[in-house]
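> what's the 3D shape of this:
(one chain, ligands or ions: 2)
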Amino acid sequence: MPRDAADAPFDIVPAEAIAEGRATDAYFDRTVTTLEHAGKNPRVVAEVTADQFPTGEFELLAGVKDAAHLLAGLPIDVDAMREGRLFDGGPVMRIEGDYLDFARYETSLLGFLSHATGCATGALDVRRAAPESQVLSFGARHVHPSIAAMVERAALVAGLDGISHVAAGDVLGVEAGGTMPHALLIAFGNGHQEEAWTAFDEAVDADVPRVALCDTYSDEKDETLRAAATLGDALDSVRLDTTSSRRGDFRRIVEEVRWELDLRGFEDVGIFVSGGLGPDELRELRDVVEGFGVGGHVSNADPVDFSLDIVERDGEPCAKRGKLSGTKQVYRTPDGGHHVGLADRSGPSDGEALLEPLIRDGELVREFDIEAAATRAAEDAAAVDF
Ligand SMILES: O=P(O)(O)OC[C@H]1C[C@H](OP(=O)(O)OP(=O)(O)O)[C@H](O)[C@@H]1O
Ligand SMILES: [Zn+2]
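Ligands and ions are numbered 1, 2, ... in the order given. Below you'll find the model as predicted:
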């Protein structure tokens, strides 16, 4: 029954509601009622698919851990691609069981996979745009706090080098990092940037990189040289987050700052940039900066439009219009090919089957590891033909 909303400080669907199948669209409740009334509960195979046929656009699968924990315990079998797998067409997950045992879970299942896969794909875009650079995820401010861990996990699966959200880091077992916000400089006031950088250096744990934000009140070159003069060898990097109204040619600004730092013997002070950055900007700047902070391109990425479609009913292939009947398998070939075929037919002789056991009779048969997923993503990204 509905919970007393007054008890909840935030409008957040509780984990318990997700786990018990209440985080569902009402029409699934009605479907269950109707099928029970009619005495129908077919044994089905249902597939999670974004595109029936290859589109030439690969996406990076994420959200599988949450999806697995959602479905574990239900009397069903599930096969799925692993987190960090690239796909282009065909199913990424397949459920087999009595329909009423999982009908209500469709909404959350698709939500877990669609949103995380969108963010992971956005993160892979920037990862591939600057493969040698440090790229940090810090877009949590753009999204509802209840999904920060999802966004940050997706960023890490795609191979980004760090995250900024502290509570997400607690969930993921990853130390969150960052630099300093403009608020810190503003709290000291214009003309007092040196005091702000000094106070940061005095106050913050010694293992935190000293990255001075150098664009608050004055020109990036001016504040950078003042930060270098103030912190000297203690300064690791400067962060240039130049607001769009002043940005102009960001590369030129960076090159100028680099020149003036080197001229004064600060060759070891790195330059870190942020603010509205996407793959194009990373490609343009990667040879003149040490690292990037990327927010919106990851956190605001469009969810991938997955659907769950029944493709077999009581052993017979079936499908709605626009979908392909029959239980499928997806294969990766050594040349990076992506092949979709019927599961009961033989696939490419050199193909690796990508949908593997995830749940057997309700029991989870896979473990999840972010680093392993990131390694898979990097290997797959190197193999497939984007
Ligand atoms: O543009 P994105 O890739 O989404 O990254 C988020 C923006 C917002 C934030 O800047 P501010 O809003 O100035 O906040 P702060 O002072 O904390 O840097 C951060 O420094 C990036 O520039
Ligand atoms: Zn700022």
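
> so how many other residues sit close to the closest residue to residue 45 other than its chain neighbours?
Among residues not flanking residue 45 along the chain, residue 312 sits closest, at 3.9 Å (Cβ to Cβ, 6 or more residues apart in numbering). Glycine gets a C-beta too; all of them are placed from N, C-alpha and C. When neighbours are defined as other Cβ atoms under 10 Å, residue 312 has 21 of them.

> Partner strands of the helix or strand hosting residue 312, with direction?
Per DSSP states H and E: residue 312 is located in strand 307-313. When pairs are called by DSSP bridges, strand 307-313 turns out to pair with strand 43-49 (antiparallel), strand 316-317 (antiparallel).

> Name the residues of that strand that come out as buried.
307, 308, 309, 310, 311, 312, 313 (16 or more other Cβ atoms under 10 Å).

> and the second one, bridged to which residues?
Right, residue 308. Going by DSSP bridges, residue 308 is paired in beta bridges with residue 48.

> Was I right to think it contacts residue 46?
Yes - shown here, residue 308 and residue 46 form a contact pair, counting by Cβ atoms under 8 Å, at 5.3 Å.

> Could you tell me which residues touch both of those two?
residue 95 (Cβ atoms under 8 Å, 6 or more residues apart in numbering).

> Counting neighbours, what do you get for the residue in the chain positioned nearest to ligand 2?
Nearest to ligand 2, among the residues of the chain, is residue 182, at 3.8 Å (Cβ to the ion). By the criterion of other Cβ under 10 Å, residue 182 has 13 neighbours.

> How about it: what's its closest non-neighbour residue?
residue 216 (5.2 Å).

> mind checking how far that neighbour is from residue 224?
12 Å (Cβ to Cβ, to the nearest Å).

> Ok, residue 370 next?
For residue 370 relative to residue 224 (Cβ to Cβ), the value is 35 Å.

> Neighbour count: those two, which is higher?
residue 224 (28 against 19).

> Look up which helix or strand the more buried one falls in, please.
Going by DSSP H and E, residue 224 is part of helix 220-231.

> Tell me which residues of that helix come out buried.
So, applying 16+ other Cβ under 10 Å, buried residues of helix 220-231: 220, 221, 223, 224, 225, 226, 227, 228, 230, 231.

> one step back: among the buried residues of strand 307-313, which pair sits farthest apart?
307 and 313 (16.7 Å; Cβ to Cβ).

> How about the contacts made by the residue nearest to residue 45?
With Cβ under 8 Å, 6+ apart, residue 312 has these contacts: 44, 45, 318, 325, 326, 327.

> contacting residues for residue 197?
Residue 197 touches 212, 227, 230, 231, 235, counting by Cβ under 8 Å, 6+ apart.

> want to throw those residues into CSV with distance to residue 385 and pLDDT?
Listed next are the contacts of residue 197 as CSV, based on distance: Cβ to Cβ, whole Å; pLDDT from 0 to 100:
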residue, distance to residue 385, pLDDT
212, 42, 98
227, 44, 98
230, 50, 98
231, 46, 98
235, 43, 98
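
> Closest one to residue 274 out of the residues you listed, please.
residue 212 (13.4 Å).

> Show the contacting residues for the closest residue to the closest one other than its chain neighbours.
Leaving aside its chain neighbours, residue 212 sits nearest to residue 227 (3.8 Å; criterion: Cβ to Cβ, 6+ apart). Residues in contact with residue 227 (Cβ under 8 Å, 6+ apart) are 193, 194, 197, 212, 214, 235, 238.

> in the stretch 151-300 of the chain, which spans are helices?
166-172, 182-188, 193-203, 220-231, 244-247, 250-263, 279-285, 296-299 (DSSP state H, counting those that start in this stretch).

> Point out the most buried one among those.
helix 296-299 (a mean of 24; mean count of other Cβ atoms under 10 Å).

> hmm, that helix touching ligand 1?
Yes - applying Cβ under 6 Å from any ligand atom, one finds helix 296-299 in contact with ligand 1 at residue 296.

> tell me which helix or strand of the protein sits lowest on mean pLDDT?
helix 244-247 (a mean of 93; mean pLDDT, DSSP states H and E).

> Now do it: distance to the chain's middle.
28 Å (Cα atoms, centre = their mean, to the nearest Å).

> How about stretch 342-361?
26 Å.

> same check, this time on stretch 86-101
21 Å.

> Which residues in it does the neighbour count mark as buried?
Result for stretch 86-101 [16+ other Cβ under 10 Å]: buried residues 86-97, 99, 101.

> Could I get the residues you listed in a markdown table, plus columns for pLDDT?
Shown next, in a markdown table, are these (pLDDT from 0 to 100):
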| residue | pLDDT |
| --- | --- |
| 86 | 98 |
| 87 | 98 |
| 88 | 97 |
| 89 | 96 |
| 90 | 98 |
| 91 | 98 |
| 92 | 98 |
| 93 | 99 |
| 94 | 98 |
| 95 | 99 |
| 96 | 98 |
| 97 | 98 |
| 99 | 98 |
| 101 | 98 |
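
> ok, those residues vs ligand 1, which is closest?
For the buried residues of stretch 86-101, the minimum distance to ligand 1 (Cβ to the nearest ligand atom) is 23.6 Å, reached by residue 86.

> Cool, thanks, signing off.
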